[in-house]
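1. coords please:
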Amino acid sequence: MSEIPSVQVGARPLLLIITGAGASADVNAAGDQNYDHRPPLASELFSRGAFQNESLSAYPALSGITHRLTHIAQGVTVEQELDKLNDRALSGYITAAREVASIIFYLRRILHSCTQGALAYGRATTYAEFARRLDDWADRRKWDICVATFNYDTLFEEALADMGISFKAMEDYIRPGSKWTFLKLHGSWNWAREIEDPRYPATQGVGERPRVSESSLIDDYRDLRLSNRFHVHGVYPQSPEADFVELSNEAYVPTFPALALPLTTKTEFVCPDQHRDALKGAFARARKLITIGWRAQEKHFLKELSLKELVETLIVTQSSAGAADVQRQLQAAGVRGSFSLREGGFLSYLRDDDALEAFLA
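-> Numbering: from 1, shown residues only. Below you'll find the predicted structure:
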């Protein structure tokens, strides 16, 4: 990775937004707390009944740990449970490797389902309102906006697409000269990575599609070789076309879902190197920072977080204790400047009509 770029003379100031699971969980602008289609918090990844009935049971490799995943012991987080499973997979235990791969496919399936279900309920989400207000402010004030998200769903992108800002290819996320930059640091349900493995060769020609399936990829995951070539691949996860991409030269390349397993100490980003470079550029230009529904637990991200200037920071979480903890994590990472803490969640903050504009002033 390159050094943090210097700020060009005349560069527009930048608002950096960091979103976590709490932002997407508060997506229903109508304020319905029993909203069935909202994306899950980490603690809900395996416990929600609809997920168990429709998706978890689709992966036989998880049969032996289904109870363990759906009945996490009190005082233990989902991420901690997955830490133990991932450690066993990395040790070479093939059963654990198949379980890890199954969970990645499971995450792709449920986040696609949540995204589509939420949009079917209505496109006037909290993200839609938030993006519209920010876009108007940035246009008037001549600022740029960079979103750095750890979420797998695409509800924020859908809100921007309704404003004419679409993400159909990886380069669309970091368009030069665009007001908006969008960085998905742990991947997305609709992203795929090309496989570089002789067991899964690319094919050429119309109708010559690769022989690849979820079950075969799960079986081979322990030593499956993945490339750093990413694609936007918003295909229905249960579709036969879900596990390969068609390139412009009529070549078909097998792929694997580009999603980071939810762990307590994720050690890698799952995104193109160019996106990580764009993140460093955003750090150099940021003058204001907003975090929404983010717990600041990603140590690899905090290690790279390096804001050049004093910034104004707004932290939006459900609880005051959670907001205070995020502040402590940011300050420990070297973020300097003023902090505003807001409890009550994303929707509550948006409904305080003057709060956002006061911070942006």
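2. pLDDT-wise, which helix or strand of the chain ranks last?
-> For the chain, using mean pLDDT, DSSP states H and E, the weakest element among its helices and strands is helix 49-54, scoring a mean of 75.
3. buried residues, that helix. List them.
-> For helix 49-54, the buried set under the neighbour-count rule, 16 or more other CB atoms under 10 Å, comprises Phe51. (C-beta placed from N, C-alpha, C; glycine too.)
4. which SSE is immediately downstream of that helix?
-> Toward the C-terminus, helix 49-54 is succeeded by helix 66-70 as the next helix or strand (DSSP states H and E).
5. tell me if Arg287 really is in a strand.
-> Yes. Using DSSP: H, G, I helix; E, B strand; the rest coil, the secondary structure at Arg287 is a strand.
6. distance of it from Gly337?
-> For Arg287, the distance to Gly337 (CB to CB, to the nearest Å) stands at 9 Å.
7. packing partners of the lengthiest helix in the chain?
-> Of all segments of type helix in the chain, defined using DSSP state H, the longest is helix 94-121. Packing contacts for helix 94-121, counted by 3 or more CB pairs under 8 Å, 6 or more residues apart in numbering; DSSP states H and E, involve helix 78-90, helix 155-161, strand 187-195, helix 214-220, strand 251-259.
8. if you set the cut-off to 10 Å instead, what comes out?
-> The helices and strands touching helix 94-121, judged by 3 or more CB pairs under 10 Å, 6 or more residues apart in numbering; DSSP states H and E, are helix 21-25, helix 49-54, helix 66-70, helix 78-90, helix 155-161, strand 187-195, helix 214-220, strand 251-259.
9. which of those has the lowest average pLDDT?
-> Per-stretch mean pLDDT for the helices and strands packed on helix 94-121 is lowest at helix 49-54 (a mean of 75).
10. residues in contact with that one?
-> Contacts of helix 49-54 from elsewhere in the structure, counted by CB atoms under 10 Å, 6 or more residues apart in numbering, are 36-37, 40, 44-46, 48, 56-57, 66, 69-70, 106, 109-110, 113-114, 117.
11. let's go with 6 Å and repeat that
-> Helix 49-54 is contacted by residues Ile110 when judged by CB atoms under 6 Å, 6 or more residues apart in numbering.
12. pull whichever helix or strand comes after the longest helix of the chain out as CSV, backbone CA atoms only.
-> Downstream of helix 94-121, the next assigned helix or strand under DSSP H and E is helix 126-141. What follows is the C-alpha trace of helix 126-141 in CSV, where atoms were taken according to Å, rounded to 0.1, in the frame of the first residue of the first chain:
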residue,chain,number,x,y,z
THR,A,126,-33.4,6.3,6.5
TYR,A,127,-30.5,6.1,4.0
ALA,A,128,-32.6,7.7,1.3
GLU,A,129,-33.4,10.7,3.5
PHE,A,130,-29.9,10.9,4.9
ALA,A,131,-28.3,10.8,1.4
ARG,A,132,-30.6,13.4,0.0
ARG,A,133,-29.9,15.9,2.8
LEU,A,134,-26.2,15.3,2.6
ASP,A,135,-26.1,15.6,-1.2
ASP,A,136,-27.9,19.0,-1.1
TRP,A,137,-25.5,20.3,1.6
ALA,A,138,-22.4,19.1,-0.2
ASP,A,139,-23.6,20.7,-3.5
ARG,A,140,-24.2,24.0,-1.8
ARG,A,141,-21.0,24.0,0.3
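13. following helix 126-141, which helix or strand comes up?
-> On the C-terminal side of helix 126-141, the nearest following helix or strand under DSSP H and E is strand 144-149.
14. quick one: strands adjacent to that following strand?
-> According to DSSP bridges, strand 144-149 forms sheet pairs with strand 14-19 (parallel), strand 180-184 (parallel).
15. just the angle between it and helix 126-141, please?
-> Going by axes from the mean of the first three to the mean of the last three CA atoms, to 10 degrees, strand 144-149 is angled at 160 degrees with respect to helix 126-141.
16. how far off strand 187-195 does strand 144-149 point, in degrees?
-> 80 degrees.
17. on that earlier part again, what distance separates the least confident helix or strand of the chain from the centre of its chain?
-> 22 Å (CA atoms, centre = their mean, to the nearest Å).
18. what number of residues lie near Gly337?
-> Neighbourhood size, Gly337 [other CB atoms under 10 Å]: 15.
19. including distance to Glu298, could the helices and strands packed on helix 94-121 go into CSV?
-> What follows is the helices and strands packed on helix 94-121, written out as CSV (distance: least, CB to CB, whole Å):
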stretch, distance to Glu298
helix 21-25, 12
helix 49-54, 23
helix 66-70, 22
helix 78-90, 11
helix 155-161, 18
strand 187-195, 13
helix 214-220, 26
strand 251-259, 15
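20. so where's this structure uncertain?
-> 1-10, 29-36, 266-267 (pLDDT under 70).
21. could you chop it up by domain?
-> In the domain annotation for the chain, the residue ranges read 14-29+124-186+266-360, 42-121, 189-259 (automatic domain parsing).
22. ends of the first one, how far apart?
-> It stands for domain 14-29+124-186+266-360. From the first residue to the last, domain 14-29+124-186+266-360 extends over 11 Å; the measure is CA to CA, to the nearest Å.
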